[in-house]
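Engineer: Got a sequence here, can you build the structure:
(2 chains)
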Amino acid sequence: MGCYSEQIVSLFVEGELAVEEARRLRDHLATCRRCRQLLDALRAENRVLSESLQELPEEAASPAGFSRSQWSMAWGDVVFVAAVLALGSIVAVWTNELSIPEALQWLNPFSLSGRTNLIFNLSYYFVDGGTAMLRDYAAVVGELFLLLLLGGSALLLGRRRRLHQPGLRLLIVLLALSLPGFALDRRHSALVTVAANETLDDTLLASGNIVRVEGVVNGDLLAFGGSVEVRGTVKGDLVSFAKRTVVSGTVGGNIYNFSSSLDLDGQLGHSIYALVQSLRMNDRGRVGDGMVVAAGDVSLEGEVNRSVTMFTGNADVSGSIGRELTMTGDRLTLTNTARIGGSLSARVHELKNVHIADGAKIVGTRDIQMRVRQNRFARPRFYFYQAVWLAAAMLVGWLGLVLFPGFFQASTHAVGSGWRSLGLGVGVLAGVPVAIVVTAITLVGIPVSLMLLAMYLAAIYLAKVWVGAFLGQILLKPAGATKSDWLLGLLVGLLILTIVGFIPYLGGLVRLGVVCLGLGAFAWQLYRASRPAITT
Amino acid sequence: MDAKRNNAKGSQPREGKATQMEGPDLESVIERAQGHDAEALGEIYRLHVRRVFGLCRYMLDSRESAEDATSEVFLKLQRSIESYDGSIPFPRWLLRVACNQCIDALRHRKRGRQVIVEVEEGVAVIEAASSEPSPLGAVLSTEERAQVRDAIARLPENYRVPLVLRYYGELSYDEIAQQLGLQRNYVAALIFRAKQELRRKLGHGSK
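Structural biologist: Below you'll find the predicted structure:
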């Protein structure tokens, strides 16, 4: 009798062969070595398949929104972030001078879109680790991150004299929201849902891997999670910190969003303030007021009643904007269906990256300008700012010296301990943010953590002053350590640090080193000062 | 807190078996979940999310859709768990629910059409398949298993879906045929061809 085909043997191995045929095959196997070998090989193959599938394909091995607890050590995270930052500062100069092919732009962490990508990946990495360790406090930690990141970016944008109003409002609202935590309806579990027939009269603070609102929330919704979806109605504001935020229902107030992606298919009563990787608003989306967005990619197909301000790598507009469109970034496309009720103002790197279709309607003026970044040394403004910065640092140094003479001079001296300061500084630079978060976990601790944050930022600024003064002292070797000697040394030191800071490769490293050294000296001095009677 | 953390640790990928709670433990959790106990549902989520996500990730082509499908499975579970009657082990039952969800998702993307369409020459080709098979080796190193996984993930949908349903979802040919609305023979042919394609991709077959 002839041998069986591979397919039949395969069916037999799977236990999928009809009883009668299986019996015949079994009889045949008893006599045929070749078929037995085939059978064994196919069995082994099935085992390989089942075993291999026990794990996930490489790139999917860690589903972002889902529980992952290997990295529960926040320290590891911090060191990782610090390492990335350090590396980043080195690579920064280098990549700025390279011409990167268009297709690889998203990889470049120094293009807007690449940078937002990086921010998001880092912050999710961070938050994932944090939540695994402090699961019960995930909501508060997330809230704090939201605060820090949004507050920080609002301040930065505010300093550029844009976004003054909304930026400040944002900060105030977030601060206001973060404090009365006890007046909220809190829900925390892997899945948080407000069912279609459910109505909540309070503000809802929800954290979970999935937060979904199908019913009605009469207050605000503060949501932290992998995926936040509003399919029903939120009558107040939506504040969300999530990997993905989808609004297909109605939000009566504003949306304050920090997500990897924000999709708006529904109705929004007021404005969007968002720092996101990608923002998509499809043609069903309606925004009652305006929009202020910092994003990697923005696509607007729906209707915005008032003005839109965006800082974005890539913007596609095919919907309608009631008033002005102000855009700063890399690329802007207005399609035939786009309609802008006011003026268009765009700042881009290259004019060829602005595409305005013939059919696009712009009622007001068009103001499209190149944003020149490369030759900052050629602009007088640059030197002016540097001079202002230097003067400010000198002023701070002088003030410090007048108010806390012993402490400032001793801190300057402590920089000289070299490795001790550097090591301590790296620790402080990385450790204090953790301390801030941990302090903030209890609601009572929030003011303390904010104070700590302020001190941390101040110390980072002062670091340059101490290192500059130390450098100046070494170079000038003044005979007597008078105040004016100290200040002169500071001026020389700061000048040198400033100039060195602009050297490619080295500059970034030097700046980081300066911050670490100065912080270390500060921390050491604080420690010493706290031991004997407080002299400052 | 510590016990909780240990549980969370248990849901790491490798320990597919270790994560499965044994007997009475899981039963009580399921019972509580059937009574709409949010904590029990959360527990089930923590224990099974990786396995479900894995299935979705193999079945669907992007990570996002896999995450969406996984979310859907667990959201629907709040209602559907009531219908679980204990006739098959819970993990297996849950995987079937996930299979359904993935197939729905695939169907939805094809605007309601069938996920896999039968092609005439289907079965005939198989019979003419290579007479000198060289199936994948018996013992694979970790690295080789990773290669197999990636090769599976890269298979075209009509091969990948039945193969994953069979070896990950542990569905029978009849069940797969029913789920996909195909003839049983055709399912057998697809799985057979999927394996041949895998061997080819991994450099084992048709030399």
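Engineer: next SSE after the lengthiest helix in chain B?
Structural biologist: Longest helix in chain B, counting residues (DSSP state H): helix B:38-59. Next helix or strand after helix B:38-59 toward the C-terminus (DSSP states H and E): helix B:63-80.
Engineer: Buried by neighbour count: which residues of the helix or strand that that following helix is followed by qualify?
Structural biologist: Downstream of helix B:63-80, the first helix or strand assigned by DSSP H and E is helix B:90-109. Under the neighbour-count criterion of 16 or more other C-beta atoms under 10 Å in any protein chain shown, helix B:90-109 has B:90-91, B:93-99, B:101-103, B:105-106 buried. Yep, even glycine has a C-beta here, placed from its N, CA and C like the rest.
Engineer: Mind putting those residues into JSON lines with distance to chain A and pLDDT?
Structural biologist: Output for the buried residues of helix B:90-109, formatted as JSON lines (distance: C-beta to the nearest C-beta, whole Å; pLDDT from 0 to 100):
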{"residue": "B:Phe90", "distance to chain A": "17", "pLDDT": "88"}
{"residue": "B:Pro91", "distance to chain A": "13", "pLDDT": "87"}
{"residue": "B:Trp93", "distance to chain A": "19", "pLDDT": "90"}
{"residue": "B:Leu94", "distance to chain A": "14", "pLDDT": "90"}
{"residue": "B:Leu95", "distance to chain A": "12", "pLDDT": "88"}
{"residue": "B:Arg96", "distance to chain A": "16", "pLDDT": "88"}
{"residue": "B:Val97", "distance to chain A": "15", "pLDDT": "89"}
{"residue": "B:Ala98", "distance to chain A": "13", "pLDDT": "91"}
{"residue": "B:Cys99", "distance to chain A": "14", "pLDDT": "89"}
{"residue": "B:Gln101", "distance to chain A": "14", "pLDDT": "89"}
{"residue": "B:Cys102", "distance to chain A": "14", "pLDDT": "89"}
{"residue": "B:Ile103", "distance to chain A": "18", "pLDDT": "88"}
{"residue": "B:Ala105", "distance to chain A": "15", "pLDDT": "86"}
{"residue": "B:Leu106", "distance to chain A": "17", "pLDDT": "86"}
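Engineer: In these, find the pair that's most separated.
Structural biologist: B:Phe90 and B:Leu106 (24.6 Å; C-beta to C-beta).
Engineer: Contacts only, for B:Ala188.
Structural biologist: By C-beta atoms under 8 Å, 6 or more residues apart in numbering or on different chains, the residues touching B:Ala188 are A:Gln7, A:Leu11, A:Glu16, B:Tyr173.
Engineer: And the residues you listed, which is closest to A:Gly285?
Structural biologist: Distances from A:Gly285 to the contacts of B:Ala188, taken by C-beta to C-beta, are shortest for B:Tyr173, at 45.6 Å.
Engineer: Next, A:Leu332: secondary structure please.
Structural biologist: strand (DSSP: H, G, I helix; E, B strand; the rest coil).
Engineer: wait, A:Met451
Structural biologist: With three-state DSSP as the criterion, A:Met451 was assigned helix.
Engineer: Could you report the separation of it from A:Ile436?
Structural biologist: Applying C-beta to C-beta, to the nearest Å, the value for A:Met451 to A:Ile436 is 10 Å.
Engineer: if you count what's nearby, which of these two comes out ahead?
Structural biologist: Set A:Met451 next to A:Ile436 and count neighbours by other C-beta atoms under 10 Å in any protein chain shown: A:Ile436 wins out with 20 against 12.
Engineer: distance of that one from chain B?
Structural biologist: To chain B, A:Ile436 is 22 Å away according to C-beta to the nearest C-beta, to the nearest Å.
Engineer: since we're on A:Pro47, how many residues are nearby?
Structural biologist: If you look again at residue A:47, you'll see it is Arg, not Pro. 15.
Engineer: give me the element it is part of.
Structural biologist: Applying DSSP H and E, one finds A:Arg47 within helix A:33-52.
Engineer: Which of the residues in that helix are classified as buried?
Structural biologist: A:Cys35, A:Leu38, A:Leu39, A:Ala41, A:Leu42, A:Arg43, A:Ala44, A:Glu45, A:Asn46, A:Val48, A:Leu49, A:Ser52.
Engineer: Just the buried positions in whichever strand or helix holds A:Ala315, please.
Structural biologist: Following DSSP H and E, one finds A:Ala315 within strand A:308-317. Within strand A:308-317, the residues that count as buried by 16+ other C-beta under 10 Å are A:Val308, A:Thr309, A:Met310, A:Phe311, A:Thr312, A:Gly313, A:Asn314, A:Ala315, A:Asp316, A:Val317.
Engineer: what's the fifth one in contact with, if anything?
Structural biologist: If I follow you right, that is A:Thr312. A:Leu112, A:Ser113, A:Val293, A:Ala294, A:Ala295, A:Gly296, A:Asp297, A:Val298, A:Met327, A:Thr328, A:Gly329, A:Asp330.
Engineer: Quick one: name the residues of the stretch 201-350 of chain A near chain B.
Structural biologist: With C-beta under 8 Å from any C-beta of the partner chain as the criterion, the stretch 201-350 of chain A comes near chain B at residues A:Asn209, A:Ile210, A:Arg212, A:Gly226, A:Ser227, A:Arg244.
Engineer: From those, pick the one nearest chain B.
Structural biologist: Closest approach between these and chain B, by C-beta to the nearest C-beta: A:Ile210, at 4.8 Å.
Engineer: Burial check on the closest one, number of neighbours?
Structural biologist: By other C-beta under 10 Å, neighbour count at A:Ile210 equals 27.
Engineer: go on, A:Ser484?
Structural biologist: 9.
Engineer: which intervals of chain B have sub-threshold pLDDT?
Structural biologist: By pLDDT under 70, the weakly predicted segments of chain B are B:1-24, B:111-141, B:204-207.
Engineer: Where do the domain boundaries of it fall?
Structural biologist: B:2-109, B:122-201 (automatic domain parsing).
Engineer: now the ones you listed in TSV, with distance to A:Gly253?
Structural biologist: Listed next are these as TSV, based on distance: least, C-beta to C-beta, whole Å:
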stretch	distance to A:Gly253
domain B:2-109	26
domain B:122-201	43
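Engineer: so what's A:Arg371 up against?
Structural biologist: A:Arg371 touches A:Thr328, A:Arg347, A:Val348, A:His349, counting by C-beta under 8 Å, 6+ apart.
Engineer: Tell me how far A:Arg371 lies from chain B.
Structural biologist: 33 Å.
Engineer: on that earlier part again, in strands only, show me the contacts of A:Thr312.
Structural biologist: Among these, the members falling in strands (DSSP state E) are A:Val293, A:Ala294, A:Ala295, A:Gly296, A:Asp297, A:Val298, A:Met327, A:Thr328, A:Gly329, A:Asp330.
Engineer: Take these and lay them out in a markdown table including neighbour count and pLDDT.
Structural biologist: A markdown table is the format used below for the ones in strands among the contacts of A:Thr312 (neighbours: other C-beta atoms under 10 Å in any protein chain shown; pLDDT from 0 to 100):
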| residue | neighbour count | pLDDT |
| --- | --- | --- |
| A:Val293 | 23 | 90 |
| A:Ala294 | 26 | 89 |
| A:Ala295 | 27 | 88 |
| A:Gly296 | 26 | 88 |
| A:Asp297 | 22 | 91 |
| A:Val298 | 27 | 93 |
| A:Met327 | 24 | 90 |
| A:Thr328 | 20 | 87 |
| A:Gly329 | 25 | 87 |
| A:Asp330 | 19 | 86 |
